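Student: Sequence first, then the predicted structure, then my questions.
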Amino acid sequence: MSFEIDVRLRRGATELSYAFETGNGLTALFGPSGAGKTSLLDAVAGLVRPVSGRIVVSGKPVFDRERRIDLRPEQRRCGYVFQDLRLFPHKSVRGNLEFGWKLAPQDQRWLAFETALEFLGIGHLLDRMPATLSGGEAQRVAIGRALLSGPRFLLMDEPLASVDTARRGEILTLIERVRDELSLPILYVSHDRAEVDRLASRIIPVEPAG
Ligand SMILES: Nc1ncnc2c1ncn2[C@@H]1O[C@H](COP(=O)(O)OP(=O)(O)OP(=O)(O)O)[C@@H](O)[C@H]1O
């Protein structure tokens, strides 16, 4: 199993619950705005603490309320590509990538810096600042920063949201390569049915609470 999830979260007045297990590959969380997709990614990353339940990734419990397990985000080794990318605006592309790279202890790095540049096609962007990048370029840098942190699994929140239509195919192909060539378990959020049909080996519907 890649992700074994059975948790309840509280977000403001809203209670959200999720229960599913996934195999390898890319699992899509699919549902309307406000249904609780990002909240679940945040809980898997360790940024939101569930009120109860457990989250296991590739056999390792990262949260288990009953067993009092709650690993810190950096102990979970997750690569998170945020919906709004969150590149550091004051750092160059190189600086952003190096930030991811430095997060990983040496023995947990499985992707060389040069290989990441080649894989993502971003070598020519190293000295650019994030504000000067197109949506697709910024997305590739955000994926690079996540991969360079030596993750055991990836969380991707609407990675096509800030990419214009002309470039979507390019990023979709890149995500397929991440899925197939790096064999990392991926939890992927989208509300675009065609996108999840193309990418996902499993689709988990997330419905609004109540
Ligand atoms: N920090 C917060 N405080 C209070 N309520 C929150 C908070 N974050 C999210 N919520 C609420 O929790 C619910 C789930 O939000 P979440 O962002 O997880 O949904 P989503 O499915 O990812 O939506 P979208 O597709 O619009 O990103 C919503 O009702 C939202 O208003």
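Tutor: Yes, it's here.

Student: can you dump the C-alpha coordinates of the helix or strand of the chain with the lowest mean pLDDT into PDB?
Tutor: None of the helices or strands of the chain scores lower by mean pLDDT, DSSP states H and E than helix 165-181, at a mean of 89. Extracted in PDB, the C-alpha atoms of helix 165-181 (Å, rounded to 0.1, in the frame of the first residue of the first chain):
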ATOM      1  CA  THR A 165      -3.600  26.200 -21.700                       C
ATOM      2  CA  ALA A 166      -0.800  26.100 -24.200                       C
ATOM      3  CA  ARG A 167       1.700  24.700 -21.700                       C
ATOM      4  CA  ARG A 168      -0.600  22.300 -19.800                       C
ATOM      5  CA  GLY A 169       0.300  19.400 -22.100                       C
ATOM      6  CA  GLU A 170       4.000  19.900 -21.300                       C
ATOM      7  CA  ILE A 171       3.500  19.800 -17.600                       C
ATOM      8  CA  LEU A 172       1.100  16.800 -17.800                       C
ATOM      9  CA  THR A 173       3.800  14.900 -19.700                       C
ATOM     10  CA  LEU A 174       6.300  15.900 -17.000                       C
ATOM     11  CA  ILE A 175       4.000  14.700 -14.300                       C
ATOM     12  CA  GLU A 176       3.600  11.400 -16.100                       C
ATOM     13  CA  ARG A 177       7.400  11.000 -16.300                       C
ATOM     14  CA  VAL A 178       7.700  11.800 -12.500                       C
ATOM     15  CA  ARG A 179       5.000   9.100 -11.900                       C
ATOM     16  CA  ASP A 180       6.500   6.500 -14.200                       C
ATOM     17  CA  GLU A 181      10.300   7.000 -14.000                       C
END
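
Student: outside of that helix, which residues touch it?
Tutor: Outside helix 165-181, the residues that touch it by C-beta atoms under 8 Å, 6 or more residues apart in numbering are 25-26, 119-120, 134-136, 139-140, 143, 147, 154, 156, 159-160, 163, 184, 186, 188, 195, 198-199. Backbone N, C-alpha and C define where each C-beta goes, glycine included.

Student: among those residues, which are in helices?
Tutor: 119-120, 135-136, 139-140, 143, 147, 195, 198-199 (DSSP state H).

Student: Can I get the residues you listed in a markdown table including neighbour count, pLDDT and distance to the ligand?
Tutor: Below are these laid out as a markdown table (neighbours: other C-beta atoms under 10 Å; pLDDT from 0 to 100; distance: C-beta to the nearest ligand atom, whole Å):
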| residue | neighbour count | pLDDT | distance to the ligand |
| --- | --- | --- | --- |
| F119 | 19 | 90 | 28 |
| L120 | 22 | 91 | 25 |
| G135 | 16 | 89 | 17 |
| G136 | 19 | 90 | 20 |
| Q139 | 27 | 92 | 16 |
| R140 | 26 | 93 | 22 |
| I143 | 25 | 94 | 19 |
| L147 | 25 | 94 | 23 |
| E195 | 19 | 92 | 13 |
| R198 | 13 | 93 | 19 |
| L199 | 22 | 95 | 17 |
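
Student: Please write out the alpha-carbon positions of stretch 46-56 in CSV.
Tutor: C-alpha atoms of stretch 46-56 as CSV (Å, rounded to 0.1, in the frame of the first residue of the first chain):
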residue,chain,number,x,y,z
GLY,A,46,2.1,17.2,8.9
LEU,A,47,0.9,20.8,8.5
VAL,A,48,-2.6,20.1,10.0
ARG,A,49,-3.1,17.8,12.9
PRO,A,50,-6.1,15.4,12.6
VAL,A,51,-8.4,15.0,15.5
SER,A,52,-8.3,11.2,15.2
GLY,A,53,-7.2,8.3,13.0
ARG,A,54,-4.1,7.3,11.2
ILE,A,55,-2.0,8.0,8.1
VAL,A,56,0.4,5.4,6.9
